[in-house]
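>>> all I have is the shape, not the residue letters:
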């Protein structure tokens, strides 16, 4: 009987072998990558900008000394020579040369600096500053046999350079400047809060009249009877309480807020002083106390 040849499909084919090799290789590569993979994540960098506080007291003092020299003179040769010598401590060579003829010995005026005030110091860059100042000069002017005296109020700005090691120099001659102006504001009339009843207002007014009377001279133990703040300080002033000039009441979650103006006579200066307070008061079982504002 003829032996039938059995044909095996897929078991020993080269293609099957290659596929098994690829599968095994992929598995091994996956395991390898799992153990050697680098944990990557996004790093968000934060740039912290620190504000550097610059002490401008040295610059202000330097400019004040310069102004005293620069704006003071007498029309006398010896005095002007001393002034020019003193300016050498402030001005570089080019400015010294520029200012040689600023004051001559034949001018009819004498200048004395009465007051210098520094208004503003602005940092221009790492080493340079702009300083705004005002000055009051007393000017004596000779007009023949007569002398006329007057005060002149002016404002200027000047540039200063420093190396950061207590060495400074004036960088420019003073130039004309303007001073800060008053901010115009309209005050609206303050109205009482209608949630505060009349009886409460009367109680608070009586309490505050008593408190303000003893406040300037009271000892701490006495003040603690009126004020709910153990850190309160004694005033120890010779003030005589006159009256409460103005008071307004407002409802507050912690009690009642009052805006009050107390009038005192300063026994030392004889001046009548108006002191404004914003107080929070609350009522205990026994009495009213000042919770904050003093």
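On my side now, so go ahead. What you see is a predicted model, and the numbers here were worked out from it, not measured in a lab. Numbering: from 1, shown residues only.
>>> now stretch 286-294: buried residues?
288, 289, 290, 291, 294 (16 or more other C-beta atoms under 10 Å). Quick note: C-beta positions are derived from backbone N, CA and C, even for glycine.
>>> mean confidence score for that stretch?
Taken as a whole, stretch 286-294 has an average pLDDT of 92.
>>> try stretch 233-246
Across stretch 233-246, pLDDT averages out at 95.
>>> from the buried residues of stretch 286-294, which is closest to residue 58?
Set against residue 58, the nearest of the buried residues of stretch 286-294 by C-beta to C-beta is residue 294 (38.2 Å).
>>> you'd agree the closest one is up against residue 232?
Yes - counting by C-beta atoms under 8 Å, residue 294 touches residue 232, with 6.3 Å between them.
>>> any low-confidence regions in the stretch 51-200 of the chain?
51-54 (pLDDT under 70).
>>> for it, what spans make up the helices?
Counting by DSSP state H, counting those that start in this stretch, the stretch 51-200 of the chain has these helices, from start to end: 57-70, 77-87, 93-98, 198-214.
>>> mind giving me the packing neighbours of the longest one?
This means helix 198-214. Here helix 198-214 touches helix 220-226, strand 239-252, strand 255-266, strand 272-283, strand 288-292, going by 3 or more C-beta pairs under 8 Å, 6 or more residues apart in numbering; DSSP states H and E.
>>> if we use 6 Å, what do you get?
Judged by 3 or more C-beta pairs under 6 Å, 6 or more residues apart in numbering; DSSP states H and E, the packing partners of helix 198-214 are strand 239-252.
>>> quick revisit: can you tell me which of the helices of the stretch 51-200 of the chain is most buried?
Mean neighbour count (mean count of other C-beta atoms under 10 Å) peaks for helix 57-70 among these, with a mean of 18.
>>> re earlier: the buried residues of stretch 286-294: which two are farthest apart?
The distance between the two most remote of these (C-beta to C-beta) is 13.1 Å, for 288 and 294.
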